[in-house]
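Enquirer: What would the 3D arrangement of this be:
(one chain, ligands or ions: 2)
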Amino acid sequence: MSVVPDASHVTLHSASASQTHRLGALLGGLLRPGDVVLLEGPLGAGKTALTQGIGAGLGVRETINSPTFTLLKEYMGRLPLYHFDLYRIEDPEELFALGFEDYFGGESVCVVEWADRGVAADGATLWPASWLRIAIATDGGAKRALTCSASGARGAALLRAFVAAAERGR
Ligand SMILES: Nc1ncnc2c1ncn2[C@@H]1O[C@H](COP(=O)(O)OP(=O)(O)OP(=O)(O)O)[C@@H](O)[C@H]1O
Ligand SMILES: [Mg+2]
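Expert: Ligands and ions are numbered 1, 2, ... in the order given. Model (predicted):
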């Protein structure tokens, strides 16, 4: 793992699935009620692998797998974890019709795969103003670049804490 900071984005590097899991676990250990983690990146980037690490860091004992067909799975660790996968969403309005926004900003943690598919044309989203976004890029091999950005005071604090933990965990 290495860290390359710039003004608003920080890129963490992972060389293996287990390193990505470890980064997720570090993040999971930092999460607080209401936190939202948005995951972006192509098929097979490692969004679910990172979420599995987040779950481990939250103390989830159940196996976390992709909720592609259900859109949402719920787990219990030291906090409840809602794991969304918006891959199959064609129109973000569907998510509002399903009442999914009610899951966000409460006492739970929300992790959203394919978060970019949850943004309506007018910019409306399910999630509140504070979030941490991790965009995962792959080189076709085992290397991954995890570019982290944030919105809101809590998102920024979480980003700083995550990067510090990743630097310590190197
Ligand atoms: N550095 C790495 N980080 C994460 N996964 C890796 C890495 N190197 C190899 N892999 C492999 O890449 C795959 C990532 O799959 P994963 O299901 O996590 O991707 P995803 O982004 O959730 O895909 P999808 O869009 O289908 O949900 C796994 O098979 C994992 O073992
Ligand atoms: Mg996935």
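
Enquirer: Can you say which helix or strand has residue 165 in it?
Expert: Following DSSP states H and E, one finds residue 165 within helix 152-168.

Enquirer: now for that helix, which elements pack on it?
Expert: Counting contacts by 3 or more CB pairs under 8 Å, 6 or more residues apart in numbering; DSSP states H and E, the secondary-structure elements packed against helix 152-168 are strand 3-5, strand 10-14, helix 17-28, strand 131-138, strand 144-151. C-betas here are computed from N, CA, C, even on glycine.

Enquirer: Apply 10 Å and report the result again.
Expert: On a contact count with 3 or more CB pairs under 10 Å, 6 or more residues apart in numbering; DSSP states H and E, helix 152-168 meets strand 3-5, strand 10-14, helix 17-28, strand 36-40, strand 131-138, strand 144-151.

Enquirer: If you average pLDDT over each of the ones you listed, which is lowest?
Expert: Looking at those, the lowest mean pLDDT belongs to strand 3-5 (a mean of 49).

Enquirer: for stretch 83-93, how far is the first residue from the last?
Expert: Length of stretch 83-93, first residue to last, CA to CA, to the nearest Å: 19 Å.

Enquirer: That one near ligand 2 at all?
Expert: No. Stretch 83-93 lies out of reach of ligand 2 by CB under 5 Å from the ion, never closer than 5.9 Å.

Enquirer: which residues of the chain score low on pLDDT?
Expert: Low-confidence segments of the chain, defined by pLDDT under 70: 1-7, 170.
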